[in-house]
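In: I would like to see how this sequence folds:
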Amino acid sequence: MKTRLRKLLRNSRGAAALEFAIAVPALIVMIWGMFQVALMFQANAGIQQALGEAARAATIFPTPTDTQLQAQITSHKFGVGNGTWATPTITTNAGAGTKTITVSYSQPTDFLFFQGPSITITKSKVVYLSQ
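Out: Residues are numbered from 1 along each chain as shown. Just a heads-up that it's a prediction; the model follows:
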């Protein structure tokens, strides 16, 4: 019995396969997590682009209506996947001659074996209106 046990303990056949089976799921989850983070960076860039386009449009004369600015934002957004795109809000401060444009986007994260947190990106720009 002792010699059989010693033979099994010294035998390393199959050790690489066992290590591979343990390491690969963790590696796959980490790579998938990097893709999830990349999706959020892409959504952030798309939201920033749309917000910039709306800010540029708000500075022209005659100033577009809030509905036109919301349509401008929605038409220029990119990179937003399966998340929730909130309707852009535009508040006017007539005394200061500015408009504040705010956009919000929320996306759940998925790490294959478990659900991650829902991440919300909110961006705002203050636009000085032409007089």
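In: identify each buried residue in stretch 105-119, please.
Out: The neighbour-count check on stretch 105-119 (16 or more other C-beta atoms under 10 Å) flags 105, 107, 109, 119 as buried. Every residue, glycine included, has its C-beta placed from N, CA and C.
In: quick one: the spatially most central residue of the chain and residue 51, what's the gap?
Out: With distances taken as C-alpha atoms, centre = their mean, residue 40 lies nearest the centre of the chain, 1.7 Å away. Distance from residue 40 to residue 51, counting by C-beta to C-beta, to the nearest Å: 16 Å.
In: kindly report the same for residue 116.
Out: 25 Å.
In: could I get the CA-only coordinates of the least confident helix or strand in the chain by mean pLDDT as CSV?
Out: Here the helix or strand of the chain ranked lowest by mean pLDDT, DSSP states H and E is helix 2-10, holding a mean of 77. Taking C-alpha atoms only, helix 2-10 is exported to CSV below (Å, rounded to 0.1, in the frame of the first residue of the first chain):
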residue,chain,number,x,y,z
LYS,A,2,2.8,2.4,0.9
THR,A,3,4.7,1.9,-2.4
ARG,A,4,1.5,2.5,-4.4
LEU,A,5,0.9,5.7,-2.6
ARG,A,6,4.5,6.8,-3.1
LYS,A,7,4.3,6.1,-6.8
LEU,A,8,1.1,8.2,-7.0
LEU,A,9,2.7,11.1,-5.2
ARG,A,10,5.8,11.1,-7.3
